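Colleague: Give me the fold of what follows.
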Amino acid sequence: MPHVPSTAPKEWRGRFFEDMEVGDVYRSRLGRTVEQTDNTWFTLLTNNTNQVHFNSTFAVATEFGRPLVNSCLTLSIVVGLSVADTSENAVANLSWDSISMPRPVFAGDTLWAESEVLSKRESASRPSQGIIGIRTRGINQRGETVIEFLRTFMMYRRAAPQAASHFPEPVTDWTVPGSHWPSHCRSFRSLSE
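Modeller: A predicted model of the protein is given here:
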């Protein structure tokens, strides 16, 4: 089981190559409810003309009985949910494989992502990077797996120049007090004590 720090880091920069170990399992902190608006916009944005995604009258006559969430939207949401835990510091995706969708997703379903590190190796040609292989699954509010896939990506090491903090240095000092509560906030201060 991965080491769990006793306190939150003061500056969260995401995981780097050194932080990933084979066998680590990461579960998304957030869930994401898929709405029909998401489904319609994504389907039309990507020029998918299959009416099962955006025409309720058509969808009612299918085996699903209602609009089916576009499978590429399901994939995108689950990948997005996994990024904070796995590939926030990735250079690029290298491969996707074995994508399967054992259950349909419908508007109103809430998705979470779970990822397991399957492989890790240093890059022979890029010393500031390494290669990570994971498997990820999307799980709905009933605990059912709706999508699974393998993904391989190139990832920065913590000391890589590209991994440095890019927060801009402030050019002015603070203008609000920092050592005491302003008089107009005293009523709020009593609530917090």
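
Colleague: rest of the way, CA atoms for contacts and neighbours
Modeller: Noted.

Colleague: Could I get the full set of helices for this structure?
Modeller: 36-45, 56-60, 71-83, 186-192 (DSSP state H).

Colleague: Would you point to the one among the ones you listed that's packed deepest?
Modeller: Stretch with highest mean neighbour count among these: helix 71-83 (a mean of 19; mean count of other CA atoms under 10 Å).

Colleague: orientation of that one relative to helix 36-45 in degrees?
Modeller: Counting by axes from the mean of the first three to the mean of the last three CA atoms, to 10 degrees, helix 71-83 lies at 110 degrees to helix 36-45.

Colleague: Please name every helix or strand in contact with helix 71-83.
Modeller: Applying 3 or more CA pairs under 8 Å, 6 or more residues apart in numbering; DSSP states H and E, one finds that helix 71-83 makes contact with strand 110-122, strand 129-139.

Colleague: Reformat those as a markdown table; add distance to Val25, mean neighbour count and mean pLDDT.
Modeller: Output for those, formatted as a markdown table (distance: least, CA to CA, whole Å; neighbours: other CA atoms under 10 Å; pLDDT from 0 to 100):
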| stretch | distance to Val25 | mean neighbour count | mean pLDDT |
| --- | --- | --- | --- |
| strand 110-122 | 4 | 20 | 97 |
| strand 129-139 | 9 | 22 | 97 |
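
Colleague: thinking again about what came up before, need the helices of the chain in CSV with mean pLDDT and distance to Trp174, can you?
Modeller: As requested, the helices of the chain are exported to CSV (pLDDT from 0 to 100; distance: least, CA to CA, whole Å):
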stretch, mean pLDDT, distance to Trp174
helix 36-45, 93, 40
helix 56-60, 95, 54
helix 71-83, 97, 33
helix 186-192, 57, 20
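
Colleague: Which of those sits closest to Gln162?
Modeller: Gln162 sits nearest to helix 71-83 of all the helices of the chain, at 17.5 Å, using CA to CA.

Colleague: and the gap between the residue positioned nearest the centre of the chain and Gly178?
Modeller: Computing the C-alpha centroid of the chain and ranking residues by CA atoms, centre = their mean puts Leu81 first, at 2.3 Å. Distance, Leu81 to Gly178, using CA to CA, to the nearest Å: 35 Å.
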